[in-house]
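Visitor: Build me a model:
(2 chains)
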Amino acid sequence: MSNQLPGAIAIGIKRGNLEIKQFFRQRESVVFTLLFPLILLAIFGSVFENTLAPGVTFSQYFVAGMIASALVNTGFQQIAIYIPIERDNGALKRLRGTPMPATSYFIGKAILVTFSMLIQVVLLLAAGVAFFGVNLPTAGSKWLIFTGILISGAVVSTILGVAFSSVPKTARGASAIVSPVVIILQFFSGVFFVFTDLPQWMQQIAAIFPLKWLTQGMRSVFLPDSFATREIVGNWETGRTFAIIAIWLVVGTALAIRTFKWDRD
Amino acid sequence: MKPVIEISGLHKSYGSFQAVKGLSLTINQGEIFAILGPNGAGKTTTVEILEGFRAADSGVVSVLGVDPTIKGKAALAWRNRIGIVLQSTQDTDDLSALEAVTHFATYYSNPRDPLEVLALVGLSDKSNNRARALSGGQRRRLDVALGIVGNPELLFLDEPTTGFDPEARRAFWQLIKQLRDEGTTIVLTTHYLDEAEELADRVAVMNNGEIIEISTPALLGGRDGAKAIITWREDGVIKSAESDAPTQYLIALAERFKGEIPELTIRRPSLEDVYLSMIGISGMGENK
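Guide: Below is the predicted model:
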């Protein structure tokens, strides 16, 4: 008889597999997480066919924003909606009654986010290139920033999703509370419209939250450097972007640890 | 007998409401211990403290020699020895019974074989069905499968047979007795008195945050010495009498009828009768 408990990472990976399996078995999650962004791309890419600057179509601008949004959809939105559902249906309490380490639960969620995020990003890029004439960057440095924004964005978005998961009190309320937050942030952060065209107060509110910076970071990857002069301060602010993500990471982690609830009451 | 659970002077309040008032209790290894009581009696609070889901305000609680509020790695080692079947959950809807049990088995150091567990709860032929497609009783058996897959020394069962048909309940009781006979200690909360009577080695009746009595089902509330209830039909109406000498009473009755007594029944108070009178008495004057 062995008394050695399985390791937290090993269990976490198994939880990740399980989360992915459950993800694909829930039609609504597949449609909303994977298909909905493509539908948005199709609509916006077809409605706004204007050119923002030489060589920069609205689609190019929009794809950058949608990839930043993918981080928020698959991280923040997915996690902040699903944790309250799991809290409400008793899944969390059941898990807490087992020797599964709490870390394993979050590793499983991180695997789910990574997986769905990568699918969404690849789908957006493929559709953008295939149907909307989006140009992919060629410089290695651009891909480096892309990877940096992708990873740090997914992490901060997921952690903020965990922190926000204690706000909705019920499973029913989760989607109604979380989705509007995301959609409003998308409007304010320059995903659906050109950021510099927005009213100043919207820009200022957006600048508090990470999505604006993730969006700007993705523009620095997908738009030519000449376009940087059209940003608010006239450059991509890459350093500041990562600094603000780092601050949110610290704040989000502290909040998530303090507020996470396994039980309904 | 070795105590598995020891509680003394347990108090728990929610705001000004005292849910548990100075409860003391010992549960021994290898027994099925049932906790009975009306809603709000403090059963759930007590059990959740034992399960480590809630912290007591005061008192000493030891479960398998460990304080359930323990944290960190030691908490996981403790949970490795415990199985918990909560009230119904829908969290495994998108998994097959076998997938769910196989996955939960990976949390434990010394799990049972998932197929064997499914056979034990009678779900072998449903092992590849999604939990969503199972009936209420089958889901409940899957909950039990998830609770026992870790090979627990101590198993908590909260209303385990809600939604079972009579046949499934019989089969389930057989399973619980089998687990007990293998040495598992079982703490059962139930609303079904026949279930407590069938399964429990000892029962505790709780009301208003206190234990009224702990006894075996046969002796609870002085049931063994209680008066028998005799009913029959006379002059077109059902009459009844209570007697502590029912045989004598019956002979007298038979003489009066000169033979067959119409619609005769004699019964001892059921566990339910005793329980209801216990709850009624201690609940008097406290109707809110």
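Visitor: how near is the closest residue to residue B:193 other than its chain neighbours to residue B:145?
Guide: Residue nearest to residue B:193 in three dimensions, not counting chain neighbours: residue B:272, with 4.1 Å by Cβ to Cβ, 6 or more residues apart in numbering or on different chains. Glycine gets a C-beta too; all of them are placed from N, C-alpha and C. For residue B:272, the distance to residue B:145 equals 30 Å [Cβ to Cβ, to the nearest Å].
Visitor: More neighbours: which of the two?
Guide: Neighbours per residue (other Cβ atoms under 10 Å in any protein chain shown) separate residue B:272 from residue B:145, with residue B:145 holding more: 27 against 14.
Visitor: what about that one, which SS state?
Guide: Classification of residue B:145 by DSSP: H, G, I helix; E, B strand; the rest coil places it in helix.
Visitor: Residue B:119 is in contact with that one, correct?
Guide: No. Contact between residue B:145 and residue B:119 fails when scored by Cβ atoms under 8 Å: they sit 9.7 Å apart.
Visitor: mind listing the helices for the stretch 51-200 of chain B?
Guide: Remark: helices assigned in the stretch 51-200 of chain B by DSSP state H, counting those that start in this stretch are B:72-79, B:97-105, B:114-120, B:136-148, B:166-181, B:193-199.
Visitor: if we can go back for a sec, three-state assignment of the residue nearest to residue B:193?
Guide: Residue B:272 falls in the helix class when you classify it by three-state DSSP.
Visitor: wait, doesn't it sit right on residue B:195?
Guide: No. The criterion here is Cβ under 8 Å, and residue B:272 misses it with residue B:195 at 10.9 Å.
Visitor: what residues are up against the nearest residue to residue A:132 once chain neighbours are set aside?
Guide: Excluding the flanking residues, the one nearest residue A:132 by Cβ to Cβ, 6+ apart is residue A:59, at 3.8 Å. The contact partners of residue A:59, by Cβ atoms under 8 Å, 6 or more residues apart in numbering or on different chains, come to A:41, A:44, A:45, A:48, A:49, A:128, A:132, A:133, A:134.
Visitor: Which residues of the stretch 101-250 of chain A lie near chain B?
Guide: residue A:101 (Cβ under 8 Å from any Cβ of the partner chain).
Visitor: what's the distance between the residue nearest to residue B:193 and chain A?
Guide: For residue B:272, the distance to chain A equals 29 Å [Cβ to the nearest Cβ, to the nearest Å].
Visitor: swap in residue B:45?
Guide: Remark: distance between residue B:45 and chain A (Cβ to the nearest Cβ) = 12 Å.
Visitor: give me the number of residues near that residue?
Guide: Here the number of neighbours of residue B:45 (other Cβ under 10 Å) works out to 22.
Visitor: now residue B:269
Guide: With other Cβ under 10 Å as criterion, residue B:269 counts 19.
Visitor: I figured it was touching residue B:222, is that so?
Guide: No. Contact criterion Cβ under 8 Å: residue B:269 and residue B:222 do not qualify, at 9.5 Å.
Visitor: Quick check: buried residues in the lengthiest helix in chain A?
Guide: Longest helix in chain A, counting residues (DSSP state H): helix A:102-132. For helix A:102-132, a neighbour-count test (16 or more other Cβ atoms under 10 Å in any protein chain shown) marks A:104-117, A:119-121, A:123-125, A:127-128, A:132 as buried.
Visitor: Skip ahead from the one helix or strand residue A:41 maps to and say which helix or strand is next.
Guide: Taking DSSP states H and E as the criterion, residue A:41 maps to helix A:36-47. Going down the chain from helix A:36-47, the next helix or strand is strand A:51-53, by DSSP H and E.
Visitor: what comes into contact with that next one?
Guide: Applying Cβ under 8 Å, 6+ apart, the contact partners of strand A:51-53 are A:57, A:58, A:60, A:61, A:194, A:224, A:226, A:227, A:230.
Visitor: which among those end up buried?
Guide: By neighbour count, with 16+ other Cβ under 10 Å, the contacts of strand A:51-53 hold A:57, A:58, A:60, A:61, A:227 as buried.
Visitor: tell me the contacts of the last one?
Guide: Translated: residue A:227. Contacts of residue A:227 (Cβ under 8 Å, 6+ apart): A:52, A:53, A:56, A:219.
Visitor: so what's it scoring on pLDDT?
Guide: For residue A:227, the pLDDT comes out at 84.
Visitor: do the fourth one as well
Guide: With respect to pLDDT, residue A:61 scores 88.
Visitor: That one - that's part of a helix, no?
Guide: Yes. Under three-state DSSP, residue A:61 falls within a helix.
Visitor: show me the contacts for the residue lying closest to residue A:116 once chain neighbours are set aside.
Guide: Distance criterion Cβ to Cβ, 6+ apart; nearest residue to residue A:116, sequence neighbours excluded, is residue A:74 at 4.4 Å. Contacts for residue A:74 (Cβ under 8 Å, 6+ apart) come out as A:33, A:113, A:116, A:117, A:120, A:154, A:157.
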